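> fold the following for me, if possible:
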Amino acid sequence: MKRIRIADLFTQKPIGEVVNVKGWVRTKRGNKQVAFIALNDGTTIKNIQVVVDLATADEEQMKTITTGACLSVVGELVASQGGGQEIEIQCKEIEVYGTADPQTYPLQKKGHSMEYLREVAHLRPRTNTFGAVFRIRHNMAMAIHNFFHERGFYYFHTPLITASDCEGAGQMFQVTTMNLYDLKKDENGSIIYDNDFFGRQASLTVSGQLEAELAAMALGAVYTFGPTFRAENSNTPRHLAEFWMIEPEVAFNEIEDNMELAEDFIKYCVRWALDNCADDLQFLNDMFDKELLTRLRSVIDVEFKRLTYTEGISILEEAVAKGKKFEFPVFWGADLAAEHERYLVEEYFKRPVILTDYPKEIKSFYMKQNDDGKTVRAMDILFPKIGEIIGGSQREESYEKLAKRANEMGVPEKDIWWYLDTRRFGTAPHSGFGLGFERLLLFVTGMSNIRDVIPFPRTPRNAEF
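You can find the predicted model right below:
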């Protein structure tokens, strides 16, 4: 008999039909006459209740059906007599695919802390919480691809292994086939990479942006969506060593076009979640963050506030003068901390903010310089609870300005000759931004730790599973 997904059972409700469902036991309860088994197959937050008449059931088999066991159930779908569910299955036959010893199965029916569940990350997708989070993660990935595809962008695959840290974004993970216990070095003590796989030092990428820019200068509008890596020793609820990035790059877009694209994009993703993940969002709203749904709806209903970095600093300085306490100092030229960003969003404007025209000293070499000589056409989108969720800029299209700025910031020309070539051969204005996928998921799910929106988090001193 063909299996029906439990999600389809709830949408189609073929009452009166004999159906076959398969899944894992969440709970089993009952009395001497009847047993109630809550079964879940991962397709929905909802469990289907299986009602077993113990007078006709195999007593020994029933003993093996405990929380975590995997079953195949055949029975008639009926309208439920009890509260809490619309439909249930009157069981005719059960096959036990796999048992779960109640003494050792880590996910017994009780509350588990997020910290504990990270220790059993191989099993945590079976919980209601993580089933919901990972279904939403899938939906957000679909939203991203749909958004760009509908607008004529091309999905462009940039390399995960790179020979230079052109971003200057921080420590990189090295990739090597050399024997680390017997490294060849020159007379200065520097490692000789001649015999390494690539014949030179190579690392995992921190961003696909520079390669995406090359593609935009040929295909017009592209986006990357893939894993990136930062070897920063940051043990915070907002940092991962391995995370996913979305990075669109668009030829002929200037900073205003970039801001419009970013605002449309993030609203599209949030709207997609509300339209396609209603049950999972409702569960997370009820269990974790009572303001989640209100906050998601508020983002798509308002225009994002746009202001310059200089205006933002003035607002923050005024707040400090009136007695507002920040952990980090506020001054023109400071790289804003999350507390500053959240003050602007949550307390002052009470809406998402797009901050533009940052001091060039705190931004990357490739950002287009403004005429004032002090600021660049950068933009950050700041969100409630998160702070910065998107960072982007109009890119510098002038070969001379770009080469000069790279030199000033210590980026060797030999590492970016190919990038500079796009400014030598048919340069054009272009813009782009980056969105950390897990940051988006933090906002959409209401989870408080970034380790809980990726299946297997990679953080300092943790590479389990």
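
> can you give me the helices for the chain?
6-12, 59-64, 114-119, 128-150, 209-219, 255-276, 278-287, 292-301, 309-321, 338-342, 399-408, 413-424, 437-445 (DSSP state H).

> any weak-confidence spans in the stretch 201-350 of the chain?
Across the stretch 201-350 of the chain, no stretch falls below the confidence threshold (pLDDT under 70).

> return the most buried member of the helices of the chain.
Highest mean neighbour count among the helices of the chain (mean count of other CB atoms under 10 Å): helix 437-445, with a mean of 24. Placement of C-beta: from N, CA and C, glycine included.

> now for it, which elements pack on it?
Under the contact criterion of 3 or more CB pairs under 8 Å, 6 or more residues apart in numbering; DSSP states H and E, helix 437-445 touches helix 128-150, strand 242-251, helix 255-276, helix 278-287, strand 387-395.

> wait, which of those is closest to Ala216?
The stretch from those with the least distance to Ala216 (CB to CB) is strand 242-251; that distance is 3.9 Å.

> helices or strands next to the closest one in the packing?
With contacts taken as 3+ CB pairs under 8 Å, 6+ apart, strand 242-251 sits against helix 209-219, strand 221-229, helix 255-276, strand 430-436, helix 437-445.

> try 6 Å
Judged by 3 or more CB pairs under 6 Å, 6 or more residues apart in numbering; DSSP states H and E, the packing partners of strand 242-251 are helix 209-219, strand 221-229, strand 430-436.

> just so I know, which of these lies nearest Val320?
Nearest to Val320, of all the helices and strands packed on strand 242-251, is strand 430-436, at 28.8 Å by CB to CB.

> partners of that closest one in the sheet?
Next to strand 430-436 in the sheet, as set by DSSP bridges, lie strand 242-251 (antiparallel), strand 387-395 (antiparallel).

> output it as PDB, restricted to C-alpha atoms.
C-alpha atoms of strand 430-436 as PDB (Å, rounded to 0.1, in the frame of the first residue of the first chain):
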ATOM      1  CA  HIS A 430      27.800  48.100 -10.400                       C
ATOM      2  CA  SER A 431      26.500  47.200  -7.000                       C
ATOM      3  CA  GLY A 432      25.800  44.300  -4.700                       C
ATOM      4  CA  PHE A 433      25.300  43.100  -1.200                       C
ATOM      5  CA  GLY A 434      25.700  40.100   1.100                       C
ATOM      6  CA  LEU A 435      23.100  38.500   3.400                       C
ATOM      7  CA  GLY A 436      24.200  35.900   5.900                       C
END
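
> what does that strand contact?
If you take CB atoms under 6 Å, 6 or more residues apart in numbering as the criterion, strand 430-436 is touched by 216, 243, 245-251, 253, 258, 262, 390-392, 394-395.

> please name the nearest non-neighbouring residue to Leu402.
Nearest residue to Leu402, sequence neighbours excluded (CB to CB, 6 or more residues apart in numbering): Glu396, at 4.5 Å.

> the one you found: neighbour count?
Glu396 sits with 25 neighbouring residues when counted by other CB atoms under 10 Å.

> which residues touch it?
Residues in contact with Glu396 (CB under 6 Å, 6+ apart) are Tyr366, Lys368, Leu402.

> relative to Trp418, how far out is it?
Remark: distance between Glu396 and Trp418 (CB to CB, to the nearest Å) = 16 Å.

> before we move on, what about Asp41?
49 Å.

> check Asp335 too.
For Asp335, the distance to Trp418 (CB to CB) stands at 29 Å.

> Tyr268 too?
33 Å.

> go on, Glu341?
Distance, Glu341 to Trp418, using CB to CB: 34 Å.

> picking that back up, quick one: closest of the strands paired with strand 430-436 to Pro125.
When the strands paired with strand 430-436 are compared by CB to CB, strand 242-251 sits nearest Pro125, at 17.4 Å.

> list the contacts of the closest one.
Strand 242-251 is contacted by residues 144, 208-209, 212-213, 216-217, 220-225, 227-229, 428, 430-432, 434-438, 458 when judged by CB under 6 Å, 6+ apart.

> repeat that for 7 Å
Contact with strand 242-251 is made by 144, 148, 153, 207-209, 212-213, 216-217, 220-229, 261, 428, 430-438, 454, 458, as judged by CB atoms under 7 Å, 6 or more residues apart in numbering.

> repeat that for stretch 82-100.
Stretch 82-100 is contacted from outside by 9, 13, 15, 18-19, 21, 48-52, 61, 64-80, using CB under 7 Å, 6+ apart.

> the residue in the chain sticking out farthest from the centre - nearest residue in space that isn't next to it in sequence?
For the chain, the C-alpha farthest from the mean C-alpha position belongs to Ala55; by CA atoms, centre = their mean, that distance is 49.5 Å. Spatial nearest neighbour of Ala55, chain neighbours left out: Gln33 (7.0 Å); criterion: CB to CB, 6+ apart.

> can you get me a residue count around the one you found?
Neighbours of Gln33 (other CB under 10 Å): 9.

> Val175 contacts Gln201, correct?
No - counting by CB atoms under 7 Å, Val175 does not reach Gln201; the two are 8.9 Å apart.

> pull the number of nearby residues for Glu93.
Neighbours of Glu93 using other CB under 10 Å come to 13.

> pairing partners for it in the sheet, please.
Val74.

> and the pLDDT at it?
For Glu93, the model assigns a pLDDT of 97.
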